[in-house]
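Asker: Sequence plus the predicted model coming up.
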Amino acid sequence: GDATAAARKGYEAGLLAYARAMVLWRGRHRYCGSCGAPARSESAGHVMKCTDPACGAEQFPRLDPAIIVLVTDGERALLGRQAAWPAGRYSTIAGFVEPGESLEDAVARETLEETGVVVLESRYHSSQPWPFPSSLMLGFMASATPGSIASGSSELEDARWFTRAEIASGRPMLPPRTSISFRLIEHWFDAAGEFPPMREISGVGRWEARR
């Protein structure tokens, strides 16, 4: 059935993400980060150990935490676009967590830096591995004051608010259905019950549908 197929695709996607992350990590850690001697693979490829007996430092796979957030003012969703994307493509706000920073602080900082919008509060929603090369996307829902003005930045060509009616009409083009970005937008869109479920609306623009 559909549920079984979806579960299989999810498993296969997770396996692919795991394999890609491990290959990239091993390729970038062929030498010891402490003394520079060659490193060898151990523990079925999960450890890169320095071959110099005087050092013996071990390196383990790492993850780079990044937040991804859908900010809303209740009736509208805040989305941004990068200049390299084709016209009409928008997505949620995202960025890497800085050293010594909490996830909630990262949500507020990235939103302010990229869009000029102040986040009032945020809450964790879900996560998704993103092995390009080793990120873990930590998804949040956040709220802002109604009427907040959004603007672009050095990282975003444009940032603006979209209503559910605009999204239902196919504007803007949305991220792929397999992405956490889509999942965050879908959660907000479907919560109001104003329209049919977002996945069932014909004509809702998606990146993979218009390439």
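Answerer: Everything's here; your move.

Asker: Which residues belonging to stretch 36-52 are considered buried?
Answerer: Buried residues in stretch 36-52, counting neighbours by 16 or more other Cβ atoms under 10 Å, are found at Ala37, Ala39, Met48, Lys49, Cys50. Placement of C-beta: from N, CA and C, glycine included.

Asker: same for the helix-or-strand element of the chain with minimal mean pLDDT, what does it pack against?
Answerer: Within the chain, no helix or strand scores below helix 2-28, which has a mean of 79 by mean pLDDT, DSSP states H and E. Packing partners of helix 2-28 (3 or more Cβ pairs under 8 Å, 6 or more residues apart in numbering; DSSP states H and E): strand 119-130.

Asker: Just checking: what are the partner strands of the strand it packs on?
Answerer: strand 135-144 (antiparallel) (DSSP bridges).

Asker: If you count neighbours, what's buried in the partner strand?
Answerer: In strand 135-144, counting by 16+ other Cβ under 10 Å, buried: Ser135, Leu136, Met137, Leu138, Gly139, Phe140, Met141, Ala142, Ala144.

Asker: what about Gly95, how many residues close to it?
Answerer: Gly95 is flanked by 17 other residues according to other Cβ atoms under 10 Å.

Asker: where's it, which helix or strand?
Answerer: Using DSSP states H and E, Gly95 falls within strand 93-96.

Asker: Neighbouring strands of that strand in the sheet, and parallel or not?
Answerer: Here, using DSSP bridges, strand 93-96 pairs with strand 64-72 (antiparallel).

Asker: residues in contact with the partner strand?
Answerer: For strand 64-72, contacts defined as Cβ atoms under 8 Å, 6 or more residues apart in numbering pick out 77-78, 92-97, 103, 106-107, 110-111, 115, 117, 119, 122, 130, 134-144, 180-181, 184-185, 187-188.

Asker: distance between that strand and the chain's centre?
Answerer: 6 Å (Cα atoms, centre = their mean, to the nearest Å).

Asker: coming back round to it: which of the buried residues of stretch 36-52 sit farthest apart?
Answerer: Ala37 and Met48 (11.3 Å; Cβ to Cβ).

Asker: who does the nearest residue to Ser127 once chain neighbours are set aside bridge with?
Answerer: Counting by Cβ to Cβ, 6 or more residues apart in numbering, Leu138 is the residue found nearest to Ser127 once chain neighbours are left out, at 5.2 Å. Taking DSSP bridges as the rule, Leu138 bridges to Ile67, Ser127.

Asker: Contacts only, for Leu138.
Answerer: Pro65, Ala66, Ile67, Ile68, Val97, Leu103, Tyr124, Ser127 are the contacts of Leu138 under Cβ under 8 Å, 6+ apart.

Asker: Can you say which of these are buried?
Answerer: Ala66, Ile67, Ile68, Val97.

Asker: Ala106 is in contact with the last one, correct?
Answerer: Yes - with contact taken as Cβ atoms under 8 Å, Val97 and Ala106 are classed as touching, separated by 4.5 Å.
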